[in-house]
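*Asks:* predicted model and sequence follow; I will ask about them next.
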Amino acid sequence: MDYLVTMTTHVPDGVTEVEVAAVREREAAHTADLARAGQVLRLWRPPLRPDEWRTLGLFAADDDRQLEQVLAGMPLRIWRTDAVTPLGLHPNDPGPGRVPLDPRRTEFLTTLVLDDLPAARELAADGSLLRLWTLPEPGRTLGHWQAADGEQLAGILRSLLTSGDTIPLTAHPSDPGRQL
């Protein structure tokens, strides 16, 4: 099962930059191990406010308990809170790895209100739609997209006659999906 995890880190006052760097180094190494094990699929940076430290992660686990074990073993968990969203199978999902990432394009996550996306094959074929999942709320869908920019993605979403929230994503230094 896939999970979207919003990881927010708050380093306590009094922690030195050397201590932070050491924990971050251990986190990067541990994340690489989790990626090799197929448990960390992707990591992204959403837009951040000053002094905010947040990561979005796509994780795979057999169940909630296994995911919690994975998250609890990550070194940054000592300073981090996690918000977990279980992702369900979507009937129109192109599937993992079927649409190649284009390094010239920006990745986006969208939450949409739609159950069926008949244009999914076309959108995957043109390289725009990477993945689709159902969200726990009825009728809500999480989409993973790539587009030249936010304007192009907005045009795609308008053509689907749907609305929702869009999060532009930037590369995370430990993202296993960009290292393939």
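*Replies:* That came through, no problem.
*Asks:* the nearest residue in space to residue 54 that is not next to it in sequence is in what secondary structure piece?
*Replies:* Excluding the flanking residues, the one nearest residue 54 by C-beta to C-beta, 6 or more residues apart in numbering is residue 8, at 4.9 Å. C-betas here are computed from N, CA, C, even on glycine. With elements taken from DSSP states H and E, the one containing residue 8 is strand 2-9.
*Asks:* how about that strand, which residues are buried there?
*Replies:* 2-5, 7, 9 (16 or more other C-beta atoms under 10 Å).
*Asks:* which helices and strands does the longest helix along the chain pack with?
*Replies:* Assignment by DSSP state H gives helix 17-36 as the longest helix of the chain. Applying 3 or more C-beta pairs under 8 Å, 6 or more residues apart in numbering; DSSP states H and E, one finds that helix 17-36 contacts strand 40-45.
*Asks:* pull up the pairing partners for the strand it packs on, direction included.
*Replies:* strand 54-60 (antiparallel), strand 164-171 (antiparallel) (DSSP bridges).
*Asks:* now, of these, which is deepest in the fold?
*Replies:* Mean neighbour count (mean count of other C-beta atoms under 10 Å) peaks for strand 54-60 among these, with a mean of 21.
*Asks:* buried sites along the next helix or strand after it?
*Replies:* Proceeding N to C from strand 54-60, the next assigned helix or strand is helix 64-72, under DSSP H and E. Of the residues in helix 64-72, 67, 70-71 count as buried by neighbour count, 16+ other C-beta under 10 Å.
*Asks:* tell me which strands the next helix or strand after helix 64-72 pairs with, and in which orientation.
*Replies:* Toward the C-terminus, helix 64-72 is succeeded by strand 80-89 as the next helix or strand (DSSP H and E). Partners of strand 80-89 in the sheet, by DSSP bridges, are strand 2-9 (antiparallel), strand 129-134 (antiparallel).
*Asks:* can you tell me what sits against the helix or strand just after strand 80-89?
*Replies:* Next helix or strand after strand 80-89 toward the C-terminus (DSSP H and E): strand 106-113. Here strand 106-113 makes contact (C-beta atoms under 8 Å, 6 or more residues apart in numbering) with 4, 44, 56, 101, 130, 135, 139-150, 153, 157, 160, 162-169.
*Asks:* next one: strand 106-113 to chain centre, how far?
*Replies:* Distance of strand 106-113 from the chain centroid (C-alpha atoms, centre = their mean, to the nearest Å) equals 10 Å.
*Asks:* direction included, what does it pair against?
*Replies:* Here strand 106-113 has these sheet partners by DSSP bridges: strand 140-147 (antiparallel), strand 164-171 (antiparallel).
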